[in-house]
Structure formats: C-alpha cells, structure tokens
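Enquirer: This is a predicted model, with the sequence first.
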Amino acid sequence: MTRNAGTYDYVVVGAGSAGCVMANRLSADGDSVLLLEAGEPDDESEITIPAAFSELFKTDSDWEYYTEPQSEMHDRELYWPRGKTLGGSSSINAMIYIRGVPHDYDTWAERGNEGWSYDDVLPYFKRGEHFESAAGGDAGEYHGTGGPLNVTDPEDPRGLAQRFVDGATEVGIPRNDDFNGATQEGVGYYHLTQKDGKRWSAADAYLKPVLDRPNLTAETGAQVTRVTFDGDRASGVEFEQNGTRYEAAADGEVVLTAGAVNSPQLLMLSGIGPADHLEDHGIEVQQDLPGVGKNLQDHLFAFTVYETTETDTLDEAEGLLNLAKWFLFKSGPLTSNVAETGGFTYVDEDEPAPDLQFHFGPGFFMNHGFDNPADGHGFSIGATQLRPESRGEITLASDDPFDHPAIDPNYLTEEGDMHVLVEGVKKAREIAQSSAFDDIRGEEVWPGADVTTDEGIREHIRETAHTVYHPVGTCKMGDDDMAVVDDRLRVHGIEGLRVADASVMPTISSGNTNAPVIMVAEKAADLLFEDVGREAEAVAAE
C-alpha cells in the first residue's frame with residue numbers, strides 16, 4: 001500500500017550540495033518544499049573533523065559505488081565514494097573550493113546554453129560565498145561576503161605544504177594566492193569550505209539554518225524510487241522510508257538534485273531515457289531521451305609518493321594529543337583537509353587555461369583509504385588532468401531502484417588523457433626533487449626509482465590511478481539530440497521536472513566540482529522563479 005505524504009509546491013530529491021541550496025532558496029518566500037534524502041542525518045563526528053573524512057568511506061554515509069572494469073586500467077573496478085547523508089558529498093569531500101576557469105562556462109554558453117557564460121555565473125558564485133581568506137584574494141571583484149558558504153584558508157597547515165609551494169615555484173610554476181581570482185595558474189594554499197577549524201558542508205551552510213521554517217519539510221532515510229506523472233507533466237514522486245512506500249505530490253515542480261549517478265538513474269527508472277535501454281528492463285517509456293546517463297566525465301588522480309624524515313605529517317594525526325587540540329581548540333593536524341596546497345599549470349601551452357592540477361598531501365596517500373604503505377612518514381603529489389576527453393555512461397543494472405546502476409567512466413580511452421597524466425607525474429617528480437625537499441626527502445615509493453620511462457609511468461597510472469570523485473555530465477544541458485535538459489534545466493519533453501546538479505554540466509569544470517555544483521543550484525532557483533512568473537533575487541550587483 002502507498003501512503004499519501006502530502007502535497008507541496010516543490011519536491012526536491014537529494015539533500016546533497018545542490019539539494020540543500022534548492023531547499024533553502026525555494027522555501028525562502030513561503031512556498032512549501034519537501035526535501036527527500038536517502039541517507040541519514042549528518043551526525044557522525046568524522047563529518048565535522050576535517051582530516052577524518054576518509055573514515056566515512058565505505059560506511060553508511062557513503063553510497064560506495066564501484067565502476068565497471070576499466071579496460072585501460074587493467075580491468076580494475078574503481079571505488080567511487082559519494083555522500084549519502086545531509087550535505088551529500090560536501091559532507092565527505094576534501095573541502096576544496098575551486099570554481100574552474102572562465103573558459104569552462106564560456107564553452108557552455110558557446111554550445112547554445114544562454115545565461116551560462118562566466119560573466120553570467122560569477123554573481124552566483126559570489127552570492128553563495130562568505131569569503132574570509134586572509135592569505136589570498138579579496139571580497140571584491142571575484143568574491144562575495146555574507147553568503148551561506150564559508151570559504152577560508154587552511155586553519156593549521158603542515159610545514160610540508162609550504163615546501164610543496166616552494167618546490168613548485170623553484171621549477172617555474174608561479175605563486176598564486178587565489179585560484180578563484182584573476183587567474184588560475186600557479187601554486188598556493190587552497191581555499192576551503194571550513195569554519196573555525198571544522199567542515200562547513202552545504203547542509204551547514206544552507207539547510208540547517210532554515211530547518212525551522214514551517215514550510216520546509218526535510219526527510220532522511222527516504223529514497224525516491226520514481227517520479228510520477230500526469231500526462232507529460234511530473235506530478236510528484238514515490239519514495240520508501242522505513243519499509244513504507246509513500247507518494248508526495250508537487251503542485252509546482254519536481255527538482256532532481258541527486259547527483260551525476262542518481263539523477264540519471266532516477267530518470268531512467270521513471271521512464272525517461274534511451275527507449276531501447278528502458279524497454280530492455282521492462283520500464284514503460286515516458287520520454288525517449290537517448291542522452292540520459294551518457295556524457296559521463298570525471299577526474300583521475302595519478303600519485304607520486306615519497307618517504308620523508310619529516311614527522312609533522314598526517315600519517316599519525318589521530319593521536320590523543322591531536323584529538324585534544326581539535327576538540328578543545330579546533331587546531332592542529334585534524335583541521336587539515338589533507339590536500340592543503342596544490343596548483344594549476346600547463347602541459348600544453350596552447351590550451352586556453354591550465355590543463356593540469358596538483359593536490360599535495362603531507363602523508364602517504366596511496367588510495368581512498370589513505371593506507372600507510374610502510375612505517376614512518378611520507379608526502380604525496382597527485383596529478384589530475386583537468387579537462388579529460390574520455391566519455392562514459394551510467395546505465396541501469398536492473399529496474400530495482402535499490403540496485404546500484406552500472407558506472408562505466410571509460411577512463412583513459414582517449415590518448416590525450418594519459419599524456420597529460422604522464423607529464424603530470426614527471427612534473428610532480430621534478431617538484432619533489434627540488435631543493436625545497438632536499439633535507440627531508442626519502443625514497444620514492446610511487447612510481448619508484450626503477451620507473452624511468454614514459455611507458456613505465458603509463459603502467460603506474462593504469463595500476464594505481466583513482467577517481468578524484470568529480471563525476472558530472474550525465475544529464476547534460478543543451479539543445480542537441482543528446483541533451484537531457486535545456487539551458488533553464490528543464491527536462492526536454494516533460495513539464496514540471498528540472499535537474500539541478502553536477503549531471504547538467506555539458507563539460508567538466510577545471511578543478512574540484514563542489515563549488516560549481518552549488519553555483520548551478522543557486523542559478524537554478526532563480527531560473528525556476530522566473531519561469532513561474534516570480535521575480536528572482538538580483539545578483540548582478542553583488
């Protein structure tokens with residue numbers, strides 16, 4: 001039996017980064033909003049302690065996805081952590097605040113998506129931000145103050161983080177104190193979504209401050225199983241909670257903010273997607289949209305790792321003294337986001353923006369569990385190609401909404417992707433061999449001193465590279481045959497249904513994706529208000 005969960009102006013599916021934004025903005029003027037989250041409340045202490053986020057992997061706070069075997073990576077099935085709690089992946093990520101570059105958004109606009117150029121979206125980045133960095137940038141042309149999302153400097157970085165900056169500048173990469181400012185190129189300290197030494201997730205920023213609104217209902221442990229329809233219009237959703245099936249109606253719109261994996265899965269379960277694929281799973285076709293689940297893009301890490309004689313690393317950060325420092329003073333190594341410094345540079349100087357990113361970690365970071373491969377201490381430099389050419393897809397494994405979908409990123413199927421990573425490992429080695437590390441550098445653990453050729457580095461990448469967990473693009477925005485939503489994020493061919501998360505990005509942003517997702521949701525709220533004849537909040541002057 002299906003129980004009636006009520007009627008709302010808006011039903012928002014998924015309380016991750018985008019869903020928290022949408023719930024806040026859509027409920028601000030009295031409209032009734034139902035926010036549904038499959039995970040549980042964000043009560044785990046590891047969510048709040050920045051350096052502890054890897055302890056959340058493969059727990060109840062994580063969807064714990066795995067890819068299909070990757071042909072270019074020795075048929076490995078790569079683990080994908082995705083947040084399954086209030087705040088979504090912003091509650092389990094490394095808290096790095098990177099917007100990308102103007103070229104990213106200008107490319108979206110050039111592909112026919114009106115209103116998505118860099119000049120169009122910058123005001124939305126600024127509206128969402130409370131910028132309190134003392135080290136770099138200012139709250140002026142590029143940054144905002146007074147927004148919900150706290151953006152700040154690392155609270156108590158390790159000395160090794162500065163050595164990376166010094167080493168990178170020594171080999172010719174310029175210093176940059178604000179990757180979100182006038183230029184992205186350079187090395188420096190990352191801006192972080194933290195506040196007073198603690199993680200500041202989208203739930204902290206957007207959702208918790210407004211949970212007392214009588215017109216906002218937020219339900220956890222509530223997994224949406226399908227969108228319902230009245231003809232060609234989305235009329236609501238069905239969801240399961242504590243073993244009971246419910247149906248909630250939407251007088252206005254249903255907004256999917258379930259992310260690049262779950263949003264396309266939910267569309268297909270609801271009959272929206274490639275008709276032949278849906279029919280193969282016995283799903284009645286509501287709208288034939290062949291692009292649902294396609295266009296999957298993600299960033300890969302390729303790590304270079306060294307032993308070090310420096311003992312102030314994160315390899316033994318969870319001792320009693322450091323726990324006391326964090327709980328009493330919100331200081332010490334547990335305030336670390338792990339990747340405290342990093343930067344952006346070029347492999348191909350003809351690219352319109354940097355094509356290589358570094359994340360530096362003061363410890364042995366060999367995989368998503370951050371397992372120490374040996375006794376002692378280490379440091380790690382992760383190289384990432386910023387604009388991968390390979391494209392993958394999300395497909396249904398079954399018609400059961402509780403089964404994980406099939407995830408096939410097709411990593412490294414385009415040669416250009418491998419080329420940038422190989423050059424990135426070489427550059428990481430060059431930085432690690434600079435004089436900045438001379439007095440504390442030990443043996444090279446990865447790839448290892450015996451790896452001296454490009455082919456050897458390629459083999460290292462095939463064996464060890466893993467996701468930076470930045471999946472996007474599976475419900476892409478556009479007006480071509482493979483587009484899923486238009487430039488106002490409305491699902492093609494369906495009324496009253498919108499997608500507003502990482503899945504709508506036509507191409508991946510150049511860097512960590514959490515800040516762009518929040519921007520997408522900020523803009524989506526205004527687009528929705530405009531489409532229903534309400535005045536959107538002015539952002540151009542901010």
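Expert: Yes, it's here. Numbers count the residues shown, from 1 in each chain.
Enquirer: need the contact list for the residue lying closest to Glu351 once chain neighbours are set aside.
Expert: For Glu351, the nearest residue in space outside its immediate sequence neighbours is Arg387; the separation is 7.9 Å by Cβ to Cβ, 6 or more residues apart in numbering. From N, CA and C alone the C-beta is placed, and that goes for glycine too. Contact partners of Arg387, counting by Cβ atoms under 8 Å, 6 or more residues apart in numbering, are Glu351, Asp355, Thr507, Ile508, Ser510.
Enquirer: what secondary structure does Arg387 sit in?
Expert: Each residue gets one of three states, and Arg387 gets coil by DSSP: H, G, I helix; E, B strand; the rest coil.
Enquirer: For it, report the pLDDT, please.
Expert: Looking at Arg387, its pLDDT stands at 96.
Enquirer: again with the one 10 residues further on
Expert: Ala397 is assigned 97 on the pLDDT scale.
Enquirer: and the nearest residue to Lys198 once chain neighbours are set aside, how far is that from Leu211?
Expert: Nearest residue to Lys198 in three dimensions, chain neighbours excluded: Thr48, at 5.2 Å (Cβ to Cβ, 6+ apart). Counting by Cβ to Cβ, to the nearest Å, the separation of Thr48 from Leu211 is 17 Å.
Enquirer: surely Ala249 meets Tyr8?
Expert: Yes: checked against Cβ atoms under 8 Å, the pair Ala249 and Tyr8 is within contact range at 7.1 Å.
Enquirer: Compare those two and say which is more crowded by neighbours.
Expert: Tyr8 (24 against 17; other Cβ atoms under 10 Å).
Enquirer: Check which helix or strand the more buried one maps to.
Expert: Using DSSP states H and E, Tyr8 sits within strand 2-13.
Enquirer: okay, the angle between whatever helix or strand Ala248 lives in and strand 2-13?
Expert: Element membership of Ala248, judged by DSSP H and E, is strand 244-256. Relative orientation of strand 244-256 versus strand 2-13 (axes from the mean of the first three to the mean of the last three Cα atoms, to 10 degrees): 30 degrees.
Enquirer: Let me know the average pLDDT across strand 244-256.
Expert: Mean predicted confidence for strand 244-256 is 97.
Enquirer: now do stretch 482-489
Expert: For stretch 482-489, the per-residue pLDDT averages 98.
Enquirer: Name the residues of that stretch that come out as buried.
Expert: If you call a residue buried by 16 or more other Cβ atoms under 10 Å, then stretch 482-489 has these buried ones: Ala483, Val484, Val485, Asp486, Asp487, Arg488, Leu489.
Enquirer: Could you work out the end-to-end span of it for me?
Expert: 14 Å (Cα to Cα, to the nearest Å).
Enquirer: For it, give me every contacting residue.
Expert: Against stretch 482-489 from outside (Cβ under 8 Å, 6+ apart): 112-116, 264, 267, 289-292, 294-295, 474-479, 491-492, 498-500, 503-504, 520, 524, 527, 531.
Enquirer: Just to be sure, which of those residues are found in helices?
Expert: Assigned to helices by DSSP state H, the following of the contacts of stretch 482-489 qualify: Pro264, Leu267, Val520, Ala524, Leu527, Asp531.
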